[in-house]
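1. model this:
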Amino acid sequence: MRQLHPFPLTILAASAALSGSAFAAQYLTVEQAQRTLFPEATAFREQNVQLSAEQMREVEKIAGLPARSAQWRVFGAYKGDTPLGVVVLDDVIGKFELISYAVGLNPDASVKQVEILTYRESHGGEIRNPAWRKQFVGKKAQAGIAIGDGIANISGATLSCTHVTDGVRRIAAMAQVALAK
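-> Have a look, this model is predicted:
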């Protein structure tokens, strides 16, 4: 009778336990997110934002959070030559892994919609639920974009909820400072 050697199985089990990306799921590409956020758009134009030091201080003041980044990946959504809004891409840490998401913003810097692009955590994927993401619609950075103040927490997804919510608030503040008309 052939005996199994425990050493290779131990290595396999350890590598599986250490592999955080085993749970990664990509739900939307950037292009799919753009079309989901602005289905009426005929074109998307990259118009990345570089904040000045003064703008970063203003973002911090509005959001009540550190500005975190001076550079933002932004795409303008257009129907012909008419601007419909913007799509802002961002990543936040969940508990251990990055969550990639996109925020559609109206020209007045209010949130149109939030979409999760890639979720890499083993738990907390409930933030993809449309009912949870719908809580952001119509809100601006100064009002209603905080856990317990307009955004409900999801038990078992507390860090994912908090970090995505903070990220959306930061994006709304950045849009108000650098993009709103």
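
2. could you pull out the strands for the chain?
-> Taking DSSP state E as the criterion, the chain carries its strands at 25-26, 43-46, 49-50, 71-79, 82-93, 98-105, 111-119, 146-147, 150-151.

3. among those, which is the most enclosed?
-> Highest mean neighbour count of the strands of the chain: strand 98-105, a mean of 24 (counted as mean count of other Cβ atoms under 10 Å). (Each C-beta comes from the backbone N, C-alpha and C, glycine too.)

4. that strand: partners in the sheet, and parallel or antiparallel?
-> Note on strand 98-105: by DSSP bridges, its sheet partners are strand 82-93 (antiparallel), strand 111-119 (antiparallel).

5. thought residue 67 was touching residue 52?
-> No: contact criterion Cβ atoms under 8 Å: residue 67 and residue 52 do not qualify, at 10.8 Å.

6. okay, these two: which has more neighbours?
-> residue 67 (20 against 11; other Cβ atoms under 10 Å).

7. so where is the chain shaky, pLDDT-wise?
-> Applying pLDDT under 70 to the chain flags residues 1-22, 181.

8. mind putting the strands of the chain into JSON lines with distance to residue 164?
-> Converted to JSON lines, those look like this (distance: least, Cβ to Cβ, whole Å):
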{"stretch": "strand 25-26", "distance to residue 164": "15"}
{"stretch": "strand 43-46", "distance to residue 164": "22"}
{"stretch": "strand 49-50", "distance to residue 164": "20"}
{"stretch": "strand 71-79", "distance to residue 164": "16"}
{"stretch": "strand 82-93", "distance to residue 164": "6"}
{"stretch": "strand 98-105", "distance to residue 164": "6"}
{"stretch": "strand 111-119", "distance to residue 164": "8"}
{"stretch": "strand 146-147", "distance to residue 164": "10"}
{"stretch": "strand 150-151", "distance to residue 164": "9"}
